[in-house]
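Asks: No sequence on hand, only this structure:
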């Protein structure tokens with residue numbers, strides 16, 4: 001069973017469709033303490049939760065603890081997108097995903113972060129492998145969700161579902177990039 005860390009509905013839609021078509025059972029985990037302000041966090045969570053409900057997919061809501069995220073990236077505020085701040089952000093989010101997976105008997109985790117052209121696949125893979133190290137029964141699936149037409153399908157599903165589509169990852173430090 002796959003626990004999929006999900007950042008938003010636009011990034012998740014084509015992935016969920018692909019998983020369903022390939023008979024991969026999935027539960028969504030929304031854990032994104034990087035998103036600010038809280039209104040933006042709630043909007044993204046609500047949109048993803050609505051979509052998951054429409055598809056009949058289980059949804060786990062992680063705690064919003066922006067202060068914990070700020071502590072994790074302290075000193076890296078001025079790093080560029082794809083810099084060391086992003087790596088630390090991925091590590092926090094994916095370690096929390098791996099812990100939840102281990103606690104609830106999931107054997108594999110993945111993340112929709114790997115669908116964004118603005119994110120480093122190498123950083124995501126490194127963070128995912130690091131995240132599962134303490135949990136021998138959990139593996140990280142470093143799937144490149146940009147391939148096999150999924151980027152184009154994302155665009156189509158975004159329009160078909162009239163998703164709220166943000167223009168930044170959620171982090172206040174990348175908002176104006």
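Replies: Noted; the coordinates are in hand. Keep in mind it's a predicted model, so treat the numbers as computed, not measured.
Asks: who's in contact with residue 41?
Replies: Residues in contact with residue 41 (Cβ atoms under 8 Å, 6 or more residues apart in numbering) are 32, 35, 64, 66, 170. For every residue, glycine as well, the C-beta is placed using N, CA and C.
Asks: Next, give me the two most distant ones among these.
Replies: Using Cβ to Cβ, the two most remote members of these are 64 and 170, lying 11.2 Å apart.
Asks: Return every residue with contacts to both of the two.
Replies: What both residue 64 and residue 170 touch, as defined by Cβ under 8 Å, 6+ apart, is the set 32, 35, 41.
Asks: First-to-last residue distance for stretch 23-37?
Replies: Using Cα to Cα, to the nearest Å, the end-to-end distance of stretch 23-37 comes out at 36 Å.
Asks: now stretch 166-174
Replies: Stretch 166-174: ends 12 Å apart by Cα to Cα.
Asks: so where do the strands sit in the protein?
Replies: For the chain, strands defined by DSSP state E occupy the ranges 2-5, 26-30, 58-61, 108-111, 139-140.
Asks: Distance to residue 84 and mean pLDDT for those strands - can I get that in TSV?
Replies: Shown next, in TSV, are the strands of the chain (distance: least, Cβ to Cβ, whole Å; pLDDT from 0 to 100):
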stretch	distance to residue 84	mean pLDDT
strand 2-5	20	98
strand 26-30	24	98
strand 58-61	28	98
strand 108-111	18	98
strand 139-140	20	98
